[in-house]
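Visitor: just coords:
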């Protein structure tokens, strides 16, 4: 008599049908709008975000609500299938970004990156906190869902974060990842993200009535623990694991992908967000000395061509811009958008100039770090779930994420066209596309 097992039943036929249609529709639209964005000298990520907005509540949900509800039902079990595909895509994207990093440049100019990051954090954070205190009284219809102190701190966090996945995708699309400015932008963006997740945990604890000081200590302790393990154990462990792949590009890709996903799982378990672990794992892989970047070419093609567009389209799917038809919400949105853009640009520009970069390099750094993207959407979602934000302020913060992500590419292109490529950057590009040597 066979033993009974507690396995989950297979996915229902209807759920599978809807899931396949969701992926197919989003990917088709993302590819089409991505190509259209390229025609307007914008990177594909802009079209990919727009694809989700068009089939979300902003347009499709209003024009054909019954069809929209059938294709994108509110059932969490259905929505989570699509989310899972997108999360795998963004983790691999961020991991590949880490692999592309020049660790030698980071060692030489790490102080510069930290200086840029600190300036790019402090100025928008202070501006956001100040705005958080005056906004509810200035625009009486816009109210925080929590007390003023928590709302102000939360708005400060939302103003100072950058979006590592969007920055990485934009730099890859524009072929700027090998440039020194691209490397500095990613390094500074990583520091921003780490600070943002720590502060988000503190504000979340305050909103839930927990001890903010205790939660802050825990968050910082976890971050330091991860960095310590990465420095002491991570690099030799990455070298050992990659050695098992031998000379096979297929096994190398599989091993690297597994390492990135498991590293993301580790930091997610420590409440530091999976993207941080994925990026750190990419850095460890890049630092082994045994891993040729060209071996990830096939994985990069799949991620950039298929998985990443699904992720960005899924992020756009949750955006509803219809709330902006109300004058007070639109005015609040314009005010928050101006503070977000000016604060981040001013901070990054000041940090770059203090580091003796020229004005075009400083403008490029400001443009890159100004992209908030899906990290801002995640922060806004947490605020809505905790009651720190109401629907109006949630929509506004998501709008900031979309607009700053769309702004970044043309500003980056304008600035980088005036920054001469160095011999070191050219060599870095040649090494990236070179054929891998046999071990």
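Guide: Perfect, thanks for sending it. Just so it is clear, the model here is predicted, and its values are computed rather than measured. Numbers count the residues shown, from 1 in each chain.

Visitor: Pull the distance from the strand or helix carrying residue 84 to the chain's centre.
Guide: In the assignment (DSSP states H and E), residue 84 maps to helix 76-100. Helix 76-100 has its C-alpha centroid displaced from the chain centroid by 11 Å (Cα atoms, centre = their mean, to the nearest Å).

Visitor: Any buried residues in that helix, and which?
Guide: Residues of helix 76-100 classed as buried: 78-79, 81-82, 85-100 (neighbour count, 16 or more other Cβ atoms under 10 Å). Glycine gets a C-beta too; all of them are placed from N, C-alpha and C.

Visitor: quick one, what contacts residue 398?
Guide: Neighbour list for residue 398: 318-319, 376-377, 380 [criterion: Cβ atoms under 8 Å, 6 or more residues apart in numbering].

Visitor: From the contact counts, what lies against the helix or strand just after the helix holding residue 84?
Guide: Using DSSP H and E, the helix or strand that follows helix 76-100 towards the C-terminus is helix 103-138. Packing partners of helix 103-138 (3 or more Cβ pairs under 8 Å, 6 or more residues apart in numbering; DSSP states H and E): helix 148-160, helix 180-207, helix 327-354, helix 359-369.

Visitor: Determine which of those helices approaches residue 273 most closely.
Guide: Comparing the helices and strands packed on helix 103-138 against residue 273 with Cβ to Cβ, the closest turns out to be helix 180-207 (5.2 Å).

Visitor: avg pLDDT for the helix or strand just after that closest one?
Guide: Next helix or strand after helix 180-207 toward the C-terminus (DSSP H and E): helix 212-229. In this model, helix 212-229 carries a mean pLDDT of 75.

Visitor: Determine the set of other helices and strands touching helix 212-229.
Guide: Packed on helix 212-229, when contacts are counted by 3+ Cβ pairs under 8 Å, 6+ apart, are helix 180-207, helix 274-286.

Visitor: which of the ones you listed sits most buried?
Guide: Of these, the one with the most neighbours on average (mean count of other Cβ atoms under 10 Å) is helix 274-286, at a mean of 26.

Visitor: Tell me which helix or strand comes right after that one.
Guide: Assigned by DSSP H and E, the successor of helix 274-286 is helix 297-302.

Visitor: low pLDDT regions in the stretch 101-250 of the chain?
Guide: By pLDDT under 70, the low-scoring segments of the stretch 101-250 of the chain are 102, 105-106, 109, 138-146, 197, 201, 204-216.

Visitor: Can you classify residue 356 as helix, strand or coil?
Guide: coil (DSSP: H, G, I helix; E, B strand; the rest coil).

Visitor: my bad, should have said residue 382
Guide: Three-state call for residue 382 (three-state DSSP): helix.

Visitor: I figured it hits residue 200, correct?
Guide: Yes. Residue 382 lies in contact with residue 200 (Cβ atoms under 8 Å); the separation is 6.4 Å.

Visitor: who are the neighbours in contact with residue 58?
Guide: Residue 58 neighbours (Cβ under 8 Å, 6+ apart): 319-322.

Visitor: Now rank these by neighbours and give me the top one.
Guide: Each of the contacts of residue 58 was scored for neighbours by other Cβ atoms under 10 Å, and residue 319 scores highest at 22 neighbours.

Visitor: Residue 223 contacts residue 272, correct?
Guide: Yes. Counting by Cβ under 8 Å, residue 223 touches residue 272, with 6.2 Å between them.

Visitor: where do the contact lists of the two overlap?
Guide: Going by Cβ under 8 Å, 6+ apart, residues that sit against residue 223 and also against residue 272 are residue 194.

Visitor: So between the two, which is more surrounded?
Guide: The residue with more neighbours, out of residue 223 and residue 272, is residue 272; 22 against 18, by other Cβ under 10 Å.

Visitor: so what pLDDT did the more buried one get?
Guide: 72.

Visitor: next one: the one 4 residues further on
Guide: In this model, residue 276 is scored at 79, pLDDT.

Visitor: try residue 294
Guide: In this prediction, residue 294 carries a pLDDT score of 67.

Visitor: do the one 5 residues further on as well
Guide: The score at residue 299 is 87. That number is its pLDDT.

Visitor: neighbours of it, just the number please.
Guide: So residue 299, with other Cβ under 10 Å, has 21 neighbours.
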